[in-house]
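A.B. asks: 3D, please:
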Amino acid sequence: MSGPKLRFCPESNDLLYPKEDKVNKRLVYVCRNCPYVEAADPSDWCVYRNEVQHSSKEKLVVLQDVRCPVCTHNEAVFFSASTEEGMTLFFNCTSCGHRWRDYV
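C.D. replies: Reported below is the predicted structural model:
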């Protein structure tokens, strides 16, 4: 995967920033100094990618029946880790990113 391409406003020559167009549900680039907006190319749709690295002692699972205590979203990433106290379950909300744990 190659790095992101920098885009510049043709009006002000300032850097364009990625932003979600919530009305049309698409990614656009916007200038912060003028009203210029440019639609993103489909090859640019991945703005941020987070690859989860885990050891063989951890297992990553996506659960759909867990409620986040902060935003009540019903999908969370779950992984377990063994500690001196026993097994600990960690949950990470896929919507707001809140992390909480449960001791087994």
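
A.B. asks: all strands for the protein, in order.
C.D. replies: For the chain, the strands defined by DSSP state E cover 16-21, 26-31, 37-39, 60-63, 76-83, 86-93, 99-103.

A.B. asks: Please identify the deepest-packed of those.
C.D. replies: Looking across the strands of the chain with neighbours counted as mean count of other CB atoms under 10 Å, the highest average goes to strand 26-31: a mean of 16. For glycine as for every other residue, the C-beta is placed from the backbone atoms N, C-alpha and C.

A.B. asks: which residues are contacting it?
C.D. replies: Contact partners of strand 26-31, identified using CB atoms under 8 Å, 6 or more residues apart in numbering, comprise 7, 9, 11-12, 14, 16-21, 36-40, 44-45, 47.

A.B. asks: out of the strands of the chain, which comes closest to Pro69?
C.D. replies: Checking the strands of the chain against Pro69 by CB to CB gives strand 99-103 as the closest, at 6.2 Å.

A.B. asks: That closest one pairs with which strands, parallel or anti?
C.D. replies: strand 86-93 (antiparallel) (DSSP bridges).

A.B. asks: on that earlier part again, comparing the strands of the chain, which gets the lowest mean pLDDT score?
C.D. replies: The minimum mean pLDDT among the strands of the chain belongs to strand 60-63 (a mean of 62).

A.B. asks: Please render the strands of the chain as JSON lines that adds distance to Glu51 to the earlier fields.
C.D. replies: JSON lines is the format used below for the strands of the chain (distance: least, CB to CB, whole Å):
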{"stretch": "strand 16-21", "distance to Glu51": "19"}
{"stretch": "strand 26-31", "distance to Glu51": "20"}
{"stretch": "strand 37-39", "distance to Glu51": "27"}
{"stretch": "strand 60-63", "distance to Glu51": "11"}
{"stretch": "strand 76-83", "distance to Glu51": "13"}
{"stretch": "strand 86-93", "distance to Glu51": "14"}
{"stretch": "strand 99-103", "distance to Glu51": "17"}
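
A.B. asks: Thanks a lot, catch you later.
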